[in-house]
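Participant: I'll drop the sequence and a predicted model, then ask my questions.
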Amino acid sequence: MAPKTAAIQAQIDDTVGIMRENITKVSERGERLDQLQDKTDDLAVSAQGFRKGAHRVRKAMWWKDTRMKIILAIVVIVIIIIIVVPIAKTQSDKN
C-alpha cells in the first residue's frame, strides 16, 4: 500500500507543479496583455495627434495654394490691363 500511496503522491506533486506553472504563465500573459493595452492606448493617442496635425497641414496647404491662385489671377489681370489699355488708347487716338 505504501508504494501505491507514494506513486499517487508523486502524481499529485507533478500535477501541483504543472498547475503552478500554468498559474505563472497565466499571470505573465495577463501582464503582457496589460502592456499591450497600454501600447495600444498610446498608439491611439498618437494617431489622434497625427490626424489633427495632418488636418492642420492640409488646411494650411490649401490656403497657400488658394493664395497662390489668387496672386496668379491678379498678375494675369494686371498684364492684360497693361496690354489692353495702350491698345485701346491707341485705337481711341486714331479715331
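Facilitator: Right, received. Where do you want to start?
Participant: burial measure for Ser92, as a count.
Facilitator: 8 (other C-beta atoms under 10 Å). Quick note: C-beta positions are derived from backbone N, CA and C, even for glycine.
Participant: name the element it belongs to?
Facilitator: In this structure, Ser92 sits in helix 2-94 according to DSSP states H and E.
Participant: Tell me how many other residues crowd Ala6.
Facilitator: There are 10 residues near Ala6, going by other C-beta under 10 Å.
Participant: show me the contacts for it.
Facilitator: Contact analysis of Ala6 by C-beta atoms under 8 Å, 6 or more residues apart in numbering lists nothing.
Participant: what about it, distance to Gly53?
Facilitator: From Ala6 across to Gly53, the span is 70 Å (C-beta to C-beta, to the nearest Å).
Participant: and if you look at Ala60?
Facilitator: 11 Å.
Participant: Kindly report the same for Ile18.
Facilitator: To Gly53, Ile18 is 52 Å away according to C-beta to C-beta.
Participant: ok, Arg51 to Lys59 distance?
Facilitator: In this view, Arg51 and Lys59 are 13 Å apart by C-beta to C-beta.
Participant: Kindly report the same for Ala47.
Facilitator: In this view, Ala47 and Lys59 are 19 Å apart by C-beta to C-beta.
Participant: quick one: pLDDT of Lys89?
Facilitator: Lys89 carries a pLDDT value of 86.
Participant: and what of Ala2?
Facilitator: Model confidence at Ala2, given as pLDDT, is 79.
Participant: Tell me how many other residues surround it.
Facilitator: Neighbour tally, Ala2, other C-beta under 10 Å: 6.
Participant: switch to numbering from 526
Facilitator: Yes, from this point I'll number from 526; that puts the last item at Ala527.
Participant: Distance check, it against Ile533.
Facilitator: As judged by C-beta to C-beta, Ala527 and Ile533 stand 11 Å apart.
Participant: so who does Lys529 touch?
Facilitator: For Lys529, the contact set (C-beta under 8 Å, 6+ apart) is empty.
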